[in-house]
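**Q** attaching a predicted model along with its sequence, questions to come.
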Amino acid sequence: MNFEFTDEQKDILAAVREFCDEELKPHAQEVDARGEFPWDNVKMLGELDLMGIAVPEEYDGLGLGLLEWAVIGEMLSAACTTTGAVYGAHVLAVYPIMLFGTEEQKDKYLRPLARGEKIGAFALTEPMAGSDAGNVQTRAELVGNEYILNGTKLFISNGGEAEVYVVIANVQPERGTRGMTAFIVEKGTQGFEFGKNEEKMGFAALPNRELIFQDARVPKENLLGRERRGFRVTMETLAVGRIGMAIGAVGLAQAAYDAAIAYAPTRVQFGQPISEFQAIQFMLADMATEIEAARWLTYNAAWRKDQDLDFEKEAAMAKVYASETCNRVASKAVQIHGGYGYTKDYPVERYMREAKLFDIVEGTSEIQRLVIANRLLKEAQK
Amino acid sequence: MNIIVCIKQVPDTTEVAIDPETGTLIREGVPSIINPFDENAIEEGLRLVEKDGGKVTVLTMGPPQAEQALRQALAMGADEAILLCDRAFAGSDTLATSYALSRAIRKIGDFDLIICGKQAFDGDTAQVGPGLAEQLGIPQITYAIEVAVERKKLRVRRLLEDRFEITETRLPALITVVKQINEPRHAGLRGVMKARKADIPTWTAEDVDADPLRCGLNGSPTNVVKVFSPQRQHEGEILEGDTEEVALALVERLREAKVL
């Protein structure tokens, strides 16, 4: 057992840290305030080879593991939560194509995604299919050499900005999850339009758009994996996505903690810095401890995946713990800042608004607990 | 176009502490970086090569750990790197340094352009670039803010204190660059990973056929008598109050100082 990064990992992380400190962090407040998709940041991620970290080198990725992907995601999220979220949503398209794509699909879609020339999005959620992921109503029907898609997707991260969408539809709705099928759909496909961009409590610059399919014509060769195996594509993608959300939450929590511990010694009340008061010290100690726990839960899940070990339970544990941690930590960071923390002059109010997303997105905390309990009970029966 | 970029590894701060006893820089605990102006030199080399083809070779003289700076340059995209490292070079002043670099460059052989940062962050002499051009007997243009190469001709816009100057020369030549010339790129991860594995040859004084009498302390006529930070003579004054009050007080002060 070894908890140290290798020298290569250290070099890589040093390069990413420098980029985060110089290019992302100084503009993070502005990105949220402006509420526009941070294309400048996303282009830089591509230039720095960050968009295909876990993609094999033969498909223009870096050939690193999910662990490196996670640690880098944490840094991005800590520096600019929005950019971290865009990156996380992109990976949700990269991953299933990498896993289930044909050679032709990998050539055509995985390469430009890994190079950061195109960004991706994963479209599962519908009005009636949120936590109940199997209840996908978007219909796909094979007519000649094309699948005709009809339906509406909701809250799709990177929606509208992404060029490549992995879309989950159903070829046999009466068979439920057994009819679910994954497709690669390009922006600009006939019959594929964008609807409303949700106005949210946080992450104003991250688009969460409606995708509307009205007799959208998707070439037969864009079927991802096999017909009626879309539920598996979905589950595999979501399992990895949980690690992505967990690490995004860890990054946000770290940023909130960093802001709090920098502020506490500078704020004087009753004749001394508030960091001298035990009430503040205990908050800082709890914040740091919980972040550490959330981080290692997440690294462990990523590491297990890289080792080809079961990781679903660990990923769900990391997701629920990290997202709840980031809410507690962000709230305490605001508390430590007092009245100033409630203003837009400090980033902590933004962190607190953003934190709530992590409790909900990519499987709510309740769904994570179901996944964990399910696994625990199965393990106990063995 | 074959470009050689000469770089220096320096401590990462503009305010390194100086040991009052020895008059030398206290380097312990201070991380090392590529001299910032040299990053501009690397960037300019990479841009010229990206435009017109060719390769960028990075050269540094320094202790073994200077290899780190070369790996950073490789990570940015430089094609090759050479470390000039020998105890015989220790204590080199700018003359001995430019001599040693000139020997290494003669060993490299073919080149069209040498790029240096305008000066090093720590020594601030701005002498090594010009000295190197003299040792090699090639034209030099300092303080470049814009560079264009056409065939074997180099056209450079120089940033001088009160004006720009446009100068042309033939190649091969040497230029030194100011920081305003470009924004150095961040190393991509592919570059970082490649640079880790790159083979960086180390050349000794003997390898570059350097005259021992012109190397290191032997070849350095400069004698540093004392190094110190100048004492700040005058404390600044911050005027307080609303804009109008501050403006009036400022005018008053400037009148007192006979500036107005």
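**A** Perfect, I can see it now.

**Q** run a quick neighbour tally on the closest residue to B:L254 other than its chain neighbours.
**A** Nearest residue to B:L254 in three dimensions, chain neighbours excluded: B:L260, at 4.5 Å (CB to CB, 6 or more residues apart in numbering or on different chains). Every C-beta, even on glycine, is put in place using the N, C-alpha and C of the backbone. Close neighbours of B:L260, defined as other CB atoms under 10 Å in any protein chain shown, add up to 10.

**Q** what do you get for A:M245?
**A** 30.

**Q** B:A210 too?
**A** Neighbours around B:A210, by other CB under 10 Å: 26.

**Q** how about it: what's its closest non-neighbour residue?
**A** Per CB to CB, 6+ apart, closest to B:A210 is B:R103, 4.5 Å.

**Q** and what of A:D306?
**A** According to CB to CB, 6+ apart, the nearest residue to A:D306 is A:G65 (4.0 Å).

**Q** by contact count, what packs against the longest strand along chain B?
**A** When chain B is parsed with DSSP state E, its longest strand is strand B:140-150. Applying 3 or more CB pairs under 8 Å, 6 or more residues apart in numbering or on different chains; DSSP states H and E, we find strand B:140-150 packed against helix B:36-52, helix B:128-136, strand B:153-159, strand B:164-170, strand B:173-177.

**Q** check which helix or strand B:G123 maps to.
**A** Counting by DSSP states H and E, no helix or strand carries B:G123.

**Q** ok, it - contacts?
**A** B:T94 (CB atoms under 8 Å, 6 or more residues apart in numbering or on different chains).

**Q** so which helix or strand takes in the residue in the stretch 1-150 of chain B positioned nearest to chain A?
**A** Using CB to the nearest CB, B:A75 is the residue of the stretch 1-150 of chain B that sits closest to chain A, at 7.0 Å. Assigned by DSSP H and E, B:A75 belongs to helix B:67-76.

**Q** just checking, what packs against whichever helix or strand comes after that helix?
**A** Using DSSP H and E, the next helix or strand after helix B:67-76 towards the C-terminus is strand B:80-84. Counting contacts by 3+ CB pairs under 8 Å, 6+ apart, strand B:80-84 packs against strand B:55-61, helix B:67-76, helix B:94-108, strand B:202-203.

**Q** do you know how far A:E186 is from chain B?
**A** 26 Å (CB to the nearest CB, to the nearest Å).

**Q** for that residue, what are phi and psi?
**A** For A:E186, the backbone dihedrals (degrees, to the nearest 10) come out as phi -90, psi 150.

**Q** give me the neighbour count for B:S32.
**A** 17.

**Q** pLDDT at it, what is it?
**A** For B:S32, the pLDDT comes out at 87.

**Q** so which residues on the stretch 51-200 of chain B come close to chain A?
**A** B:A75, B:R185, B:H186, B:A187, B:G188, B:L189, B:R190, B:G191, B:V192, B:M193, B:R196 (CB under 8 Å from any CB of the partner chain).

**Q** how close does the last one get to A:L92?
**A** Noted for B:R196: a distance of 30 Å to A:L92, by CB to CB, to the nearest Å.

**Q** give me the nearest residue to A:L211, chain neighbours excluded.
**A** Here the residue nearest A:L211, using CB to CB, 6+ apart, is A:K153, at 4.0 Å.

**Q** if I pick that neighbour, what's in contact with it?
**A** A:A123, A:L124, A:T125, A:E126, A:T138, A:G159, A:V167, A:E210, A:L211, A:F213.

**Q** where along the stretch 201-350 of chain A do the strands fall?
**A** A:208-219, A:223-224, A:268-269, A:272-273 (DSSP state E, counting those that start in this stretch).

**Q** same list, those, but as CSV with mean neighbour count please.
**A** Shown next, in CSV, are the strands of the stretch 201-350 of chain A (neighbours: other CB atoms under 10 Å in any protein chain shown):
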stretch, mean neighbour count
strand A:208-219, 20
strand A:223-224, 22
strand A:268-269, 11
strand A:272-273, 12
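
**Q** got those strands as JSON lines, with mean pLDDT columns?
**A** Shown next, in JSON lines, are these (pLDDT from 0 to 100):
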{"stretch": "strand A:208-219", "mean pLDDT": "97"}
{"stretch": "strand A:223-224", "mean pLDDT": "97"}
{"stretch": "strand A:268-269", "mean pLDDT": "96"}
{"stretch": "strand A:272-273", "mean pLDDT": "96"}
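
**Q** could you say which helix or strand holds the most centrally placed residue in chain A?
**A** Centroid-nearest residue in chain A: A:G88, 3.3 Å away (criterion: CA atoms, centre = their mean). Taking DSSP H and E as the definition, A:G88 sits inside helix A:81-100.

**Q** show residues contacting whichever helix or strand comes after that helix.
**A** Moving toward the C-terminus from helix A:81-100, the next helix or strand (DSSP H and E) is helix A:103-105. Contacts to helix A:103-105, defined as CB under 8 Å, 6+ apart, come from residues A:I97, A:I184, A:E221, A:N222, A:L224.

**Q** try 7 Å
**A** A:I97, A:I184, A:E221 (CB atoms under 7 Å, 6 or more residues apart in numbering or on different chains).

**Q** quick one: low-confidence ranges for chain B?
**A** In the predicted model, chain B carries pLDDT under 70 at residues B:14-16, B:22-25, B:27.

**Q** so which residue is dead centre in it?
**A** B:G117 (3.3 Å).

**Q** for that residue, which residues make a bridge with it?
**A** B:V177 (DSSP bridges).

**Q** relative to A:F37, how far out is A:R209?
**A** Taking CB to CB, one finds A:R209 at 11 Å from A:F37.

**Q** so who does the nearest residue to A:S157 once chain neighbours are set aside touch?
**A** Once flanking residues are discounted, A:S157 sits nearest to A:A89: 3.6 Å by CB to CB, 6+ apart. Residues in contact with A:A89 (CB under 7 Å, 6+ apart) are A:A121, A:F122, A:S157, A:N158.

**Q** what values do phi and psi take at the last one?
**A** When quoted as degrees, to the nearest 10, the phi and psi of A:N158 stand at phi 70, psi 0.

**Q** distance of it from chain B?
**A** Distance from A:N158 to chain B, by CB to the nearest CB: 22 Å.

**Q** before we move on, what SS does the residue lying closest to that residue once chain neighbours are set aside have?
**A** Nearest residue to A:N158, sequence neighbours excluded (CB to CB, 6+ apart): A:A121, at 4.0 Å. Here A:A121 is strand, with the state taken from DSSP: H, G, I helix; E, B strand; the rest coil.

**Q** and for B:D209, the neighbour number?
**A** There are 10 residues near B:D209, going by other CB under 10 Å.

**Q** swap in B:K194?
**A** There are 15 residues near B:K194, going by other CB under 10 Å.

**Q** next: A:T237.
**A** 25.

**Q** grab the nearest non-local neighbour of it.
**A** The nearest residue in space to A:T237 (CB to CB, 6+ apart) is A:P96, at 4.8 Å.

**Q** SS state for the closest residue to A:S331 other than its chain neighbours?
**A** Closest residue in space to A:S331, ignoring its immediate chain neighbours: A:M352 at 5.9 Å, by CB to CB, 6+ apart. Assigned with three-state DSSP, A:M352 falls in the helix class.
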